[in-house]
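S.K.: With the sequence up front, the predicted model follows.
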Amino acid sequence: MRILCFYLLFIASNFHSQINEISSPNFGLRFEIKNFFLESTRFKIQEIKPYFEYNQNIKIGLGYCWLKNNKHHFKDSDSSLISIKSSNFFVSYNWVVSKNFFAEVTLDLGLGNIKSLLPDNSRYKGIYSFLEPAIILNYEGFNFFTLGLGSGLRLTRSDKSVLRNNLSLPTIILRFSIKFTEIYNHFFLASNSSLYLQDDRRV
């Protein structure tokens, strides 16, 4: 809990220090795959997140995530098939590590539902919510997109009548981000693209 509080204070302090210097935002879209293991089985949550970036280091956005049906029989539950769908809000802060790398801390908040299917085809549905702090290292050596790899801790609350297993677990995060503002500037406003500005960090 102390680590989480420190993490929240870190994001809040950096966000407050930048709020008075906000410039026109850049727009992007990121795709993430969040892997976690439950009963030695890998599960994969997929996320799509449009976002606005301010001052090249603060991102704010909304998203949608889903876990497709996984055929796995849980030892502590009768359910053999689960699926998750939720909407989420996120905020992040990043800093430059080297010429082509930057690190980013993010905080995701989500709310949705979880479903399970029993062997007799009876279905159960309940509320699913999560809070997920994470840190990700991103590579931006490409012109119009970035790649990221990191880890998070997804803290969840879900209806135990749907699935009794604890879903608060560490995650391994794979990320692919598209920089739409850079693409637009490159093809329509070349003078504003960082590809033409010497010593200017990519969006």
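M.R.: Everything's here; your move.
S.K.: which helices and strands sit right next to whatever helix or strand residue 184 lives in?
M.R.: Here residue 184 sits within helix 180-188, counting by DSSP states H and E. Judged by 3 or more CB pairs under 8 Å, 6 or more residues apart in numbering; DSSP states H and E, the packing partners of helix 180-188 are strand 26-38. (Each C-beta comes from the backbone N, C-alpha and C, glycine too.)
S.K.: switch to 10 Å and redo it
M.R.: Helix 180-188 sits against strand 26-38, strand 41-54, with contacts defined as 3 or more CB pairs under 10 Å, 6 or more residues apart in numbering; DSSP states H and E.
S.K.: Let me know which of the ones you listed is tucked in deepest.
M.R.: strand 26-38 (a mean of 18; mean count of other CB atoms under 10 Å).
S.K.: In the protein, where is pLDDT below threshold?
M.R.: The model of the chain has pLDDT under 70 over residues 1-23, 69-71, 73, 75-80, 190-203.
S.K.: And the strands in it?
M.R.: Along the chain, counting by DSSP state E, strands occupy 26-38, 41-54, 58-71, 81-96, 101-117, 123-139, 145-158, 169-178.
S.K.: Columns distance to residue 147 on top of the helices and strands packed on helix 180-188, output as TSV?
M.R.: Output for the helices and strands packed on helix 180-188, formatted as TSV (distance: least, CB to CB, whole Å):
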stretch	distance to residue 147
strand 26-38	11
strand 41-54	15
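S.K.: among these, which is nearest residue 186?
M.R.: Closest approach to residue 186 among those (CB to CB): strand 26-38, 12.7 Å.
S.K.: Report the outermost residue of this protein with respect to its centre.
M.R.: Relative to the C-alpha centroid of the chain, counting by CA atoms, centre = their mean, residue 120 is the outermost residue, at 35.0 Å.
S.K.: measure it to residue 83 for me?
M.R.: Look at residue 120 and residue 83: by CB to CB, to the nearest Å, they are 18 Å apart.
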